[in-house]
Every structure is written in C-alpha cells, then in structure tokens.
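>>> Build me a model:
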Amino acid sequence: QVQLVESGGGLVQAGGSLRLSCAASGRIFSINRMGWYRQAPGKQRELVADITSSGSSNYADSVKGRFTISGDNAKNTFYLQMNSLKPEDTAVYYCNADITSDGGRTFSSDNYWGQGTQVTVSS
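Next up, the predicted model:
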C-alpha cells in the first residue's frame, strides 16, 4: 500500500515563504511523476507544479518565478518551496504522484493523492 503524507502548511503573511513536503511510503519501485495541486474555496482543483523523474518541470503561470518543485529520490520525498506568497495562494495543497509499486511478483503503476495541507496567506 503506497501512501503520500504532506506536511509544512500553515499561516504566513503576504511576502513570506513556506516549504511543503510530501513523503511517499510503501513498496515503491519508482516515482515517475510528482505534482502539487491546490484547491481554494469555491474553486476547482488546479495544477500548481509538477516534475517528471527525468527532471522536466512545469508550473502554473500564477506561480512561475515564486514556487519551485523538487524531489529527493533517496528519501521518496518531494517538495514545494513557495516564496513571495500572496493572499490568492491561500488554498488546500495536495501532493500527487505516479508511482510504480513492487508487489513482489508483479509491478503496478497508479496515481496517488495526499490528504491535503492548508496554506493560508494573510494580507
């Protein structure tokens, strides 16, 4: 059973920084893609940033130049460094990953979500 557990959310003033972490656990063979999404009240969940195992990253226009996604393969953990935060960044942030797990005799690939962590930016 693969699980993603997020940490690092909280309350910060506008202009401040936070770093979100997402730790993957279980019988992981490989993490093929890692991503962060967010959902603000009354809005649809949106992609914030993602990165492939080859290092190719993609960012929403609203966070380019302010947020950085990175991963530590040895720890099966990935991060979202958020700088110059704005009140409009307030949302629940979810990590998401495409993971190949080792079932012993077979491998299987699936998409997984974390439980979400609240980020609140005050003006």
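>>> alpha carbons only for contacts and neighbour counts from here, please
OK.
>>> List the buried residues of stretch 32-40.
Arg33, Met34, Gly35, Trp36, Tyr37, Arg38, Gln39, Ala40 (16 or more other C-alpha atoms under 10 Å).
>>> likewise stretch 87-98?
Neighbour-count burial for stretch 87-98 [16+ other C-alpha under 10 Å]: Asp89, Thr90, Ala91, Val92, Tyr93, Tyr94, Cys95, Asn96, Ala97, Asp98.
>>> how near is the second one to Gln115?
Spelled out, that is Thr90. Distance of Thr90 to Gln115, given as C-alpha to C-alpha, to the nearest Å: 17 Å.
>>> now the strands for this protein?
Listed in chain order, the strands of the chain (DSSP state E) span residues 3-7, 10-13, 18-25, 28-39, 46-52, 57-59, 67-72, 77-82, 91-102, 107-113, 117-122.
>>> Need the residues that contact the second one.
Same thing as strand 10-13. Surrounding strand 10-13, the residues in contact under the criterion C-alpha atoms under 8 Å, 6 or more residues apart in numbering are Leu18, Leu85, Thr117, Gln118, Val119, Thr120, Val121, Ser122, Ser123.
>>> switch the cut-off to 10 Å
The contact list for strand 10-13, computed with C-alpha atoms under 10 Å, 6 or more residues apart in numbering, reads 17-20, 84-87, 90, 117-123.
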